[in-house]
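Engineer: structure for the following, please:
(one chain, ligands or ions: 1)
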Amino acid sequence: MTNEKRNTEVVHSFKCPSCKDGIIDIIKSIYDLPDGDKMLIIKFECNTCNFNKNDIIPLTTNLEPGIMTLQILDEDDLKSKIYRSPTGKLEIPELELIVEPGPRADFYYTNVQGILFRFESAVSIYRNNLEENDQEKSEIDELLVDLNQAIEGKFDFTLKITDLQGGSYIIPQDKSKYTFEKIVKKDLE
Ligand SMILES: [Zn+2]
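Structural biologist: Just a heads-up that it's a prediction; the model follows:
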């Protein structure tokens, strides 16, 4: 794992605006994805309080079309980074949650937990718009229970992105839980 992050360097340091005590280092590192692409990761980290921020910028655009699958089995897996391009379809089969590709859909540029929060908020809005006696309400309530368990890392699930154009990516916390299945162009025709 040591040669996966290279060129890690502190590019700037400044006083932490959060605790006013610590020093924040801006750390830049290049991450090599298993399929040869590169990602630039910019990290802000305070050495005193827990103020931190991460940004990921794709450095290469030749990401291949494929199906990315990540098993989420514990709390740490929730920190895996996700970028869903507009051509990517994102699914959590165990919860029957789907984000269809499309120009209207948001770019999901977050981690797994961030995606769960977005689903939770969308599902809650949907529920609140149902009639009081709607039978669907109890189903939605069960889904919300599972979603909240998932947010706390207590519900195992699969996160799947199918991207026929390429451009979406997952950076897993634990590589052994990640698989990438390449889609050969001629299969699409
Ligand atoms: Zn601080």
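
Engineer: only C-alpha atoms for contact and neighbour calcs from this point on.
Structural biologist: Fine.

Engineer: how about the residue of the chain positioned farthest from its centre, secondary structure?
Structural biologist: In the chain, residue 133 marks the outermost C-alpha relative to the chain mean, sitting 35.5 Å out by Cα atoms, centre = their mean. When classified by DSSP: H, G, I helix; E, B strand; the rest coil, residue 133 comes out as coil.

Engineer: which SSE is the residue nearest the centre of the chain in?
Structural biologist: Centroid check for the chain by Cα atoms, centre = their mean gives residue 82 as the closest residue, at 2.5 Å. Using DSSP states H and E, residue 82 sits in strand 81-84.

Engineer: isn't there a helix covering residue 127?
Structural biologist: Yes. Looking at residue 127 with three-state DSSP, it is inside a helix.

Engineer: and it, how many residues sit next to it?
Structural biologist: 19 (other Cα atoms under 10 Å).

Engineer: for it, give me its contacts.
Structural biologist: The neighbours of residue 127, taking Cα atoms under 8 Å, 6 or more residues apart in numbering as the test, are 137, 140.

Engineer: enumerate the residues of the chain near the ion.
Structural biologist: 16, 19, 22, 46, 49 (Cα under 5 Å from the ion).

Engineer: with adjacent residues omitted, what lies nearest to residue 92?
Structural biologist: Nearest residue to residue 92 in three dimensions, chain neighbours excluded: residue 159, at 5.0 Å (Cα to Cα, 6 or more residues apart in numbering).

Engineer: can you give me the pLDDT of the one you found?
Structural biologist: In this model, residue 159 is scored at 97, pLDDT.

Engineer: tell me which strands the host helix or strand of it pairs with, and in which orientation.
Structural biologist: Assessed by DSSP H and E, residue 159 sits inside strand 157-163. Partners of strand 157-163 in the sheet, by DSSP bridges, are strand 66-72 (antiparallel), strand 88-92 (antiparallel).
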